[in-house]
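[1] Here's my sequence, what's the structure:
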Amino acid sequence: MSFSPLKVAVVCMSNMNRSMEAHSILRKKGFSVRSFGAGSRVRLPGTARNLPVVYDFSTTYEQMRKDLARKDRERYTSNGILHILGRNERIKPRPERFQECRDRFDVIFTCEESVYDRVIEELWAQEQETCQPVHVINVDMDDNAEDATLGSLIICELCERLQQAEDMEGSLAELFLAAERKTGRSFLLLLKKRANYG
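    The predicted model follows:
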């Protein structure tokens, strides 16, 4: 039996760590995937916890990497930011904001509850051109390398199971109960039926 490709989006706040780790893993598994940030600007760790380095979403990953290497190569190498930016450059040129995308997805994964809330708010605000439903699923993960990888592997496993399901909507409850038992994590899930304004 052949399945139509699942169109997946992954959204974190800055399209830097968590969404890009999931993007990388899902792309390697052959999924049609895009990643986004839901914040107003890209924020990276700075010299102090309350002093982030801030970039516009139009700034490329390469520009960020070169800027941070020039500012303090040792700091940004030791905290892993230069490595993350290098990985991101190999995937796509720059971060993207979810609020500026009008593409249709079957499933949208978010990486924290505040991002989930922003995605839901944006979906309700957009005028939809299709009656196609979209599933929005939150997989909470801390914004660090280890949790980004673990959370991304959970997202990948969920995508694989959704891809194989003959009836995605009918399989969701069972799929998420099994995932919650296996991972010890709980998930927020919304099925948004898109209205037809045509």
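
[2] show me where the chain has strands.
    Using DSSP state E, the strands of the chain run over 7-12, 32-37, 42-48, 51-55, 107-110, 134-138, 188-192.

[3] will you turn those strands into JSON lines that also has mean neighbour count?
    In short, each C-beta sits where N, CA and C put it, glycine included. JSON lines is the format used below for these (neighbours: other CB atoms under 10 Å):
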{"stretch": "strand 7-12", "mean neighbour count": "26"}
{"stretch": "strand 32-37", "mean neighbour count": "24"}
{"stretch": "strand 42-48", "mean neighbour count": "15"}
{"stretch": "strand 51-55", "mean neighbour count": "15"}
{"stretch": "strand 107-110", "mean neighbour count": "27"}
{"stretch": "strand 134-138", "mean neighbour count": "21"}
{"stretch": "strand 188-192", "mean neighbour count": "14"}
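
[4] quick one: low-confidence ranges for the protein?
    1-4, 127-132, 168-170, 184-198 (pLDDT under 70).

[5] Can you give me the domain boundaries for it?
    What the TED database lists as the domains of the chain is 7-38+98-192, 42-91.

[6] and the ones you listed, which is most packed in?
    domain 7-38+98-192 (a mean of 18; mean count of other CB atoms under 10 Å).

[7] sorry, back to before: take the strands of the chain and lay them out in a markdown table including distance to residue 176.
    Listed next are the strands of the chain as a markdown table, based on distance: least, CB to CB, whole Å:
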| stretch | distance to residue 176 |
| --- | --- |
| strand 7-12 | 16 |
| strand 32-37 | 20 |
| strand 42-48 | 31 |
| strand 51-55 | 34 |
| strand 107-110 | 12 |
| strand 134-138 | 8 |
| strand 188-192 | 6 |
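
[8] Out of those, which is closest to residue 79?
    strand 42-48 (6.0 Å; CB to CB).

[9] quick one, the closest one and strand 51-55 angle?
    Angle of strand 42-48 versus strand 51-55, following axes from the mean of the first three to the mean of the last three CA atoms, to 10 degrees, is 150 degrees.

[10] hmm, who's touching strand 42-48?
    Contacts of strand 42-48 with the rest of the structure, by CB atoms under 8 Å, 6 or more residues apart in numbering, involve 13-16, 52-57, 59, 64, 68, 72, 75, 79, 81, 95.

[11] residues contacting the closest residue to residue 147 other than its chain neighbours?
    Excluding the flanking residues, the one nearest residue 147 by CB to CB, 6 or more residues apart in numbering is residue 141, at 4.5 Å. Counting by CB under 8 Å, 6+ apart, residue 141 touches 18, 111-112, 147-148, 150-152.

[12] Adding distance to residue 161, write the residues you listed out as TSV.
    Supplementary listing: those in TSV, determined by distance: CB to CB, whole Å:
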residue	distance to residue 161
18	20
111	19
112	22
147	21
148	21
150	17
151	16
152	15
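
[13] among these, which are in helices?
    Residues of those located in helices (DSSP state H): 18, 147-148, 150-152.

[14] For residue 171, see how far away residue 178 is.
    Here residue 178 is placed at a distance of 10 Å from residue 171 (CB to CB, to the nearest Å).
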